[in-house]
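> Give me a 3D structure for the following:
(one chain, ligands or ions: 1)
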Amino acid sequence: MWQGRDSRGDVGEGVLSVAASSLGREASASPGGSVPKRPAGTDTVFPRMGGTVQCEGVPLPEIAAAAGTPVYVYSTAGITSQYRALDTAFSAVPHRIHYSVKANGNLAILRLLRSLGAGVDIVSGGELYRALRANYSGRDVVFSGVGKTATEIGEALAAGVRLINAESEAELTIVNDEASRAGVVADIALRVNPEVTVSTPHPYIKTGERGNKFGIAYDEIPDVARRANRLSSVRIRGLDMHLGSQIAGTEPYREGMQRLLELCRILAADGTAQLEYLDVGGGLAVTYEGEDAADPAALAAVVAPVLPPGVTLLLEPGRYLVANAGVLLTRVLFRKRTGGKTYIITDAGMTDLLRPSHYSAYHRIEPVSARVGGQDGGSAVVDVVGPVCESGDFFALDRRMDDVQPGDLLVIYSAGAYGFAMASNYNARPRPAEVLVDGRRFAVVTTRESYEDLVRHEQPALAWRDA
Ligand code: LLP
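A predicted model of the protein is given here:
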């Protein structure tokens, strides 16, 4: 049976042992070992002032007092600086940054990114709805996803999205039908499976290797494009790929770009399509522990010079823009010693931040306030766990941490991407609040769910229908 260990090989079997060995998580944060490097940017965006962590100019305890815990806290400056770094790196070529809404679809964050010039990459009708609610226009949207429904495709066409990234020939037929019904011609990018091998910290976040469910197989693209040309209501405008997630190096992008360019040449040579867009997807890595983050300038250096004239480059970053601009703030409920181990039990759980449990992902955790005169400034090796009734409900295992006591606040770093977005109501736990900070001010941008919210869609009286 799986023991739920994200460190040092206690993982039992199956995919989770793959996860642990490929991650090697916490290997460098050995009990009693040296303190790992902080996630990039956290010192500036989340500085420790007088012993207490702030978000920009707002002390985190003030946010906890106002909004309660657990609460996600996002930094305007953090998101802005990541966006600008990426945008600047690609300034030499025509490019568009389409933020991947799945990383964090909060309307306030979508509005902030829109004000910076971003478009969005969406994967569902719900994400389209979010984008439109945040005032994006259809032209700001590219629509990816391996399982779009006819309804979602119809909604995307009605909104006038810039591109639908088609992932199969069957999908192209449905887009064609929906477009002809709506009396429009749909602009399409074919999502290519570039079959490029990538190294990602977890197998679940690889997408562009042979055998993944995503995209159209590389060598089928020319035929699919030819057949698509016979459809009267779709027009091929681009090629798209997404290699995977948390990719720090440039080599997979260089290889993937070569594959896309090869296809461009084939499609141009046989007159199938003159492409206007090449979409290299998202996947840019951030630092969670000590690992390298993606370097936008290095990425631009391999991608921009080979961009054919007249073609606009599209990027679909999610994590890179928001991961290290967000933290999860939680309060310690209990410190419990049992079975030879010390557990720090927090009011946040896997329902609020799933990544440690689901991917064995490392998130740095610190007390918000340094303990004054605390137990000799002591530390201990602990498991940081949530209240959910699952042994897999943990944030850190066998990790050396400063002594923390019930009532203390903890900050869980690098939680801005795939944090709230993957939260659930398991154990009937209301999802947490979200707060956006801007300089010395902060706003609750999502209120904590209430108990009433938990049952809102359940019918009090059953309306039986005869079959
Ligand atoms: N474009 C497409 C088509 C994608 O599927 C994804 C992510 C992105 C862009 C954005 O990737 P990013 O830049 O954020 O790496 N829940 C996982 C990550 C899953 C990513 C899925 N696709 C995690 O918490 O690590």
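> which bits of the stretch 51-200 of the chain sit near the ligand?
Within the stretch 51-200 of the chain, the positions adjacent to the ligand are 100, 103, 121, 144 by C-beta under 6 Å from any ligand atom. All C-beta spots, glycine's among them, are computed from the backbone N, C-alpha and C.
> Could you identify the most distant pair in the residues you listed?
103 and 144 (13.1 Å; C-beta to C-beta).
> mind listing what the residue of the stretch 351-467 of the chain found nearest the ligand touches?
Nearest residue of the stretch 351-467 of the chain to the ligand, counting by C-beta to the nearest ligand atom: residue 418, 3.2 Å away. Residue 418 sits next to 102-104, 318-319, 323, 354-355 when contact means C-beta atoms under 8 Å, 6 or more residues apart in numbering.
> can you list the residues you listed in TSV and add pLDDT?
Shown next, in TSV, are the contacts of residue 418 (pLDDT from 0 to 100):
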residue	pLDDT
102	98
103	98
104	98
318	98
319	98
323	98
354	98
355	98
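> Please narrow those to those residing in helices.
319, 355 (DSSP state H).
> Which members of the contacts of residue 418 are the farthest-apart pair?
Most distant of these, by C-beta to C-beta, are 318 and 354, 15.5 Å apart.
> quick revisit: closest one to residue 180 out of the contacts of residue 418, please.
For the contacts of residue 418, the nearest to residue 180 is residue 102 (29.6 Å; C-beta to C-beta).
> thinking again about what came up before, could you check which of residue 318 and residue 354 has the larger neighbour count?
residue 318 (24 against 20; other C-beta atoms under 10 Å).
> which stretches of the stretch 351-467 of the chain aren't confidently modelled?
For the stretch 351-467 of the chain, applying pLDDT under 70 flags the ranges 372-377.
> And the helices in the protein?
14-23, 42-45, 60-67, 76-89, 107-116, 125-133, 150-159, 169-182, 221-229, 251-269, 296-303, 319-322, 355-359, 451-455.
> and stretch 405-416 with the ligand, contact?
No. If you take C-beta under 6 Å from any ligand atom as the test, stretch 405-416 misses the ligand, and the best it gets is 10.1 Å.
> Show me which of the contacts of residue 418 are buried.
Neighbour counting by 16 or more other C-beta atoms under 10 Å classes 102-104, 318-319, 323, 354-355 among the contacts of residue 418 as buried.
> JSON lines for the residues you listed, including distance to residue 176?
Converted to JSON lines, the buried ones among the contacts of residue 418 look like this (distance: C-beta to C-beta, whole Å):
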{"residue": "102", "distance to residue 176": "26"}
{"residue": "103", "distance to residue 176": "31"}
{"residue": "104", "distance to residue 176": "33"}
{"residue": "318", "distance to residue 176": "29"}
{"residue": "319", "distance to residue 176": "34"}
{"residue": "323", "distance to residue 176": "38"}
{"residue": "354", "distance to residue 176": "37"}
{"residue": "355", "distance to residue 176": "39"}
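> ok, of the residues you listed, which one's closest to residue 431?
Taking the buried ones among the contacts of residue 418 together and measuring to residue 431 by C-beta to C-beta, the closest member is residue 354, at 11.8 Å.
> Go through the chain and flag its longest strand.
Using DSSP state E to define each element, the chain has its longest strand at strand 326-338.
> Which residue is the nearest non-sequential neighbour of the residue nearest the centre of the chain?
Closest to where the C-alpha atoms of the chain average out (C-alpha atoms, centre = their mean) is residue 103, at 3.0 Å. Leaving aside its chain neighbours, residue 103 sits nearest to residue 318 (3.0 Å; criterion: C-beta to C-beta, 6 or more residues apart in numbering).
> contacting residues for that neighbour?
Counted by C-beta under 8 Å, 6+ apart, residue 318 has contacts 99-104, 121, 245, 282, 417-418.
> same thing with residue 206?
Per C-beta under 8 Å, 6+ apart, neighbours of residue 206: 198, 200, 212, 244.
> do the same with residue 112
The neighbours of residue 112, taking C-beta under 8 Å, 6+ apart as the test, are 76, 79-80, 436.
> Give me the phi and psi angles of whichever residue of the stretch 101-250 of the chain sits closest to the ligand.
Using C-beta to the nearest ligand atom, residue 245 is the residue of the stretch 101-250 of the chain that sits closest to the ligand, at 3.3 Å. With angles defined as degrees, to the nearest 10, residue 245 sits at phi -130, psi 150.
> wait, it sits on residue 294?
No. With contact defined as C-beta atoms under 8 Å, residue 245 does not count as touching residue 294 (10.8 Å).
> Could you count how many residues lie near residue 461?
Close neighbours of residue 461, defined as other C-beta under 10 Å, add up to 5.
> Just to check, residue 107 is in contact with residue 135?
No. Using C-beta under 8 Å, residue 107 is not in contact with residue 135, being 9.3 Å away.
> Show me which of the two is the more surrounded one.
Counting neighbours by other C-beta under 10 Å for residue 107 and for residue 135 shows that residue 107 has the greater number, 15 against 12.
> So for the more buried one, what's the nearest residue that isn't a sequence neighbour?
In space, residue 107 is closest to residue 134, 5.0 Å off (C-beta to C-beta, 6+ apart).
> Which residues are in contact with the one you found?
Counting by C-beta under 8 Å, 6+ apart, residue 134 has contacts 107, 110-111, 114.
> what do you get if the cut-off is 10 Å, keeping everything else the same?
For residue 134, the contacting residues are 101, 105-114, 120, 140, by C-beta atoms under 10 Å, 6 or more residues apart in numbering.
> Surely residue 243 is in contact with residue 280?
Yes. Using C-beta atoms under 10 Å, residue 243 is in contact with residue 280, at 8.0 Å.
> quick one: common contacting residues for the two?
By C-beta under 10 Å, 6+ apart, the residues touching both residue 243 and residue 280 are 194, 252-253, 256.
> now, which of the contacts of residue 418 sits nearest residue 148?
residue 102 (14.1 Å).
> Quick one: residues contacting that closest one.
Per C-beta under 10 Å, 6+ apart, neighbours of residue 102: 121-124, 127, 144-145, 282, 316, 318-319, 417-418, 421-422.
> Same check on residue 95?
86-87, 89, 278, 280, 300, 303-304, 307, 312-315.
> Max pairwise distance over these: which two?
Of all pairs in the contacts of residue 95, the most separated under C-beta to C-beta is 87 and 278 at 17.3 Å.
> burial measure for the residue lying closest to residue 294 once chain neighbours are set aside, as a count.
Among residues not flanking residue 294 along the chain, residue 284 sits closest, at 3.7 Å (C-beta to C-beta, 6+ apart). A count of neighbours around residue 284, defined by other C-beta under 10 Å, yields 26.
> In this model residue 245 seems to touch residue 284, though I could be wrong.
Yes. At 8.8 Å, residue 284 and residue 245 qualify as touching, with contact defined as C-beta under 10 Å.
> Touching both of the two, which residues are there?
318-320.
> returning to what we had before: quick one: the residues of the stretch 51-200 of the chain next to the ligand as JSON lines, columns for distance to residue 329 too.
Below are those laid out as JSON lines (distance: C-beta to C-beta, whole Å):
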{"residue": "100", "distance to residue 329": "24"}
{"residue": "103", "distance to residue 329": "19"}
{"residue": "121", "distance to residue 329": "28"}
{"residue": "144", "distance to residue 329": "32"}
